[in-house]
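Participant: coordinates only, sequence not included:
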């Protein structure tokens, strides 16, 4: 099952960088061009230069954003901007935030997780499709930096709140390594624990757990690809560090484990609303507020969506489940009952003929509606959030959902700790 190990983390040196909030940023895959520039301007040592460097017209095979990232990492270590801990530990991570006007706390741990080998029993389960381009991008970066710059995000079952008990007894009484508030007013605190007995207890506790990837599917696959490249280069001399990836682990029962829906913006919305009526009951509603309320009331039902097109809001409810199932060729019942699968396989592939390249993603409904009103997109399909038990069931069954089926909130900050391979 899961094999977890401590590590000697690399992190910013408070003697050089006094305000850590200036040098951290969100994960690379949710930062747009404007955000990238903002983080570049915020501080000369912002982690953006490592995880999402800029492209320049003069770039070539020897000088590019990947080689620059490797150069920055080595330079910052050499100059003491970054420092590596002198003993191995695990890093306890707390996030305090507000969601739907309610204050929440999420507790987790950053440690190393051993990568599965082909042919062995699984210890970690993915749930989403990955794509070639992002994997090629992250592999080029990993080759250059030879470091995990951001942790992947996993969940495990902890019904007895063992992790929370460890936090209360062993972690909270200590002074955190970092204590910062980010741009979204989320508080992040990180502690390093090196006590061998406690680490041993935590490793034993996780030893029989199944881990489910929440975020970081591309980086997880890339870590396995990178290990195989290194194994081919030196079959007998493979560094043990290549067998691990820096991982955040949090209980799936944690009150702060929030899953948000990711709505689908449609570029070329040539379909008519009536095209959906063969499988869905279509009802017009007055506005976004009423649509959201109606969808929330029906979030336990299968196949409920919203649609905004031509300045009108619609509530869609699946009416022909048998016809729907015939359009979804693969997968068990749990897979065929996923809203995001029904939307892609039935509404997009069959009824509306929407190509994957015409789909963009947005978690904020207000921003999505504004994009349609501006003319940048022709329509937006609105979803309810995927449930954690659905993710677990699909992953254990060996199936994967369409890309961007889940959005775990809040995201983990990049720049709190790095694992140098």
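Facilitator: Nice, I can see it. Just so it is clear, the model here is predicted, and its values are computed rather than measured. Numbers count the residues shown, from 1 in each chain.
Participant: pLDDT averaged over stretch 163-174, what's the number?
Facilitator: Mean per-residue pLDDT for stretch 163-174: 96.
Participant: and that stretch, which residues are buried?
Facilitator: For stretch 163-174, the neighbour count (16 or more other CB atoms under 10 Å) marks 163-164, 166-167, 170-171 as buried. C-beta here means a position set from N, CA and C on the backbone, and glycine is covered the same way.
Participant: which residues touch it?
Facilitator: With contacts defined as CB atoms under 8 Å, 6 or more residues apart in numbering, stretch 163-174 is touched by 92, 94, 107-109, 158, 191, 193, 195, 198, 202, 250-251, 254.
Participant: and the spatially most central residue of the chain, how far from residue 192?
Facilitator: Most central in the chain under CA atoms, centre = their mean is residue 215, positioned 2.6 Å from the mean C-alpha point. Distance from residue 215 to residue 192, counting by CB to CB, to the nearest Å: 23 Å.
Participant: and for residue 168?
Facilitator: Distance from residue 168 to residue 192, counting by CB to CB: 18 Å.
Participant: after the one helix or strand residue 408 maps to, which helix or strand is next?
Facilitator: Element membership of residue 408, judged by DSSP states H and E, is strand 407-409. Later in the chain than strand 407-409, the nearest helix or strand by DSSP H and E is strand 419-420.
Participant: paired strands for that following strand, with orientation please.
Facilitator: strand 147-148 (antiparallel) (DSSP bridges).
Participant: can you pull out the helices in the stretch 1-150 of the chain?
Facilitator: For the stretch 1-150 of the chain, helices defined by DSSP state H, counting those that start in this stretch occupy the ranges 33-42, 48-51, 65-78, 132-145.
Participant: need those in CSV with mean neighbour count, can you?
Facilitator: As requested, those are exported to CSV (neighbours: other CB atoms under 10 Å):
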stretch, mean neighbour count
helix 33-42, 15
helix 48-51, 25
helix 65-78, 17
helix 132-145, 17
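Participant: nearest to residue 264, out of those helices?
Facilitator: With respect to residue 264, and counting by CB to CB, the nearest of the helices of the stretch 1-150 of the chain is helix 132-145 at 18.4 Å.
Participant: what is the mean pLDDT for the closest one?
Facilitator: pLDDT averaged over helix 132-145 gives 95.
Participant: ok, stretch 181-198 next?
Facilitator: For stretch 181-198, mean pLDDT rounds to 96.
Participant: quote the end-to-end distance of it.
Facilitator: End-to-end distance for stretch 181-198: 28 Å, by CA to CA, to the nearest Å.
Participant: and for that stretch, what are the contacting residues?
Facilitator: 6, 9, 21, 24, 85, 87-98, 110, 166, 170-171, 174-180, 199, 410, 413, 416-417.
Participant: and that stretch, what's buried?
Facilitator: Of all the residues in stretch 181-198, those buried under the rule 16+ other CB under 10 Å are 182, 186, 188-193, 198.
Participant: please apply the same query to stretch 364-373.
Facilitator: Neighbour counts over stretch 364-373 (16+ other CB under 10 Å) mark 365, 368-369, 371-372 as buried.
Participant: what inclination does the lengthiest helix in the chain have with respect to helix 132-145?
Facilitator: Ranked by residue count under DSSP state H, the longest helix found in the chain is helix 217-233. Orientation of helix 217-233 against helix 132-145 (axes from the mean of the first three to the mean of the last three CA atoms, to 10 degrees) gives an angle of 50 degrees.
Participant: gap between the residue nearest to residue 318 when sequence neighbours are not counted and residue 92?
Facilitator: Of all residues not flanking residue 318 in the chain, residue 303 sits nearest, at 2.7 Å (CB to CB, 6 or more residues apart in numbering). For residue 303, the distance to residue 92 equals 41 Å [CB to CB].
Participant: what kind of secondary structure is residue 308 in?
Facilitator: Classification of residue 308 using DSSP: H, G, I helix; E, B strand; the rest coil returns strand.
Participant: which residues touch it?
Facilitator: The contact partners of residue 308, by CB under 8 Å, 6+ apart, come to 288, 291, 314, 368-369, 372, 379-380, 382.
Participant: same check, this time on residue 89
Facilitator: 6-9, 192-194, 199.
Participant: out of these, which is nearest to residue 260?
Facilitator: Looking across these and measuring by CB to CB, the closest to residue 260 is residue 9, at 28.9 Å.
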